[in-house]
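**Q** turn this into a structure:
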Amino acid sequence: MKIICTFTLLMIPGVLSSISVTGYSGGGVSITCRYDRGYIDNEKYFCIGEQVTCSQLIKTKEKNKWVNSGRFSLYDDTRAAVFTVTIRDLSERDSGTYQCAAAISWDIDFYTEVKLNVVTGE
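**A** Predicted structure coming up:
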């Protein structure tokens, strides 16, 4: 049985937030990241690594439309000021640190840290 866990994160400028997420090998997780309404028009993205070395995995292209890239999907719901990232077909090698991010300026973005732990389970 595959289980999808949903977690909501809040992205507020000046506030560092972090959450731990557990997923099961072969299953998927859905991560919902909230952002300040002032950033509705900004690009949102999901990346792997620490803030300084974060490598983008997927980013918004159009508002209120799903974007798919391999096992990753992203939807920016500007009416609700949230974006949702789904990771499918998890494996233990997906465990690590990720970031939900809103592009704010050329040198500073706002991040919410996501610690993903993928375990083998039924």
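**Q** what stretches of the protein score poorly on pLDDT?
**A** For the chain, the stretches with pLDDT under 70 are 1-16, 106-108, 122.
**Q** can we see that at 80?
**A** For the chain, residues meeting the criterion pLDDT under 80 lie at 1-17, 52, 105-110, 121-122.
**Q** and stretch 34-53, which residues are buried?
**A** Arg34, Tyr35, Tyr39, Asn42, Glu43, Lys44, Tyr45, Phe46, Cys47, Ile48 (16 or more other CB atoms under 10 Å). For every residue, glycine as well, the C-beta is placed using N, CA and C.
**Q** of those residues, closest to Cys54?
**A** Cys47 (3.9 Å; CB to CB).
**Q** sheet-wise, list the partners of the one helix or strand that closest one maps to with their directions.
**A** Per DSSP states H and E: Cys47 is located in strand 44-48. Note on strand 44-48: by DSSP bridges, its sheet partners are strand 55-59 (antiparallel), strand 96-103 (antiparallel).
**Q** which of these sits most buried?
**A** strand 96-103 (a mean of 21; mean count of other CB atoms under 10 Å).
**Q** which is the next helix or strand following that strand?
**A** Following strand 96-103 toward the C-terminus (DSSP H and E): strand 109-119.
**Q** within its sheet, name the partner strands of that following strand and how each one runs.
**A** Strand 109-119 sits in its sheet next to strand 17-24 (parallel), strand 96-103 (antiparallel), going by DSSP bridges.
**Q** right, I'll call it a day here.
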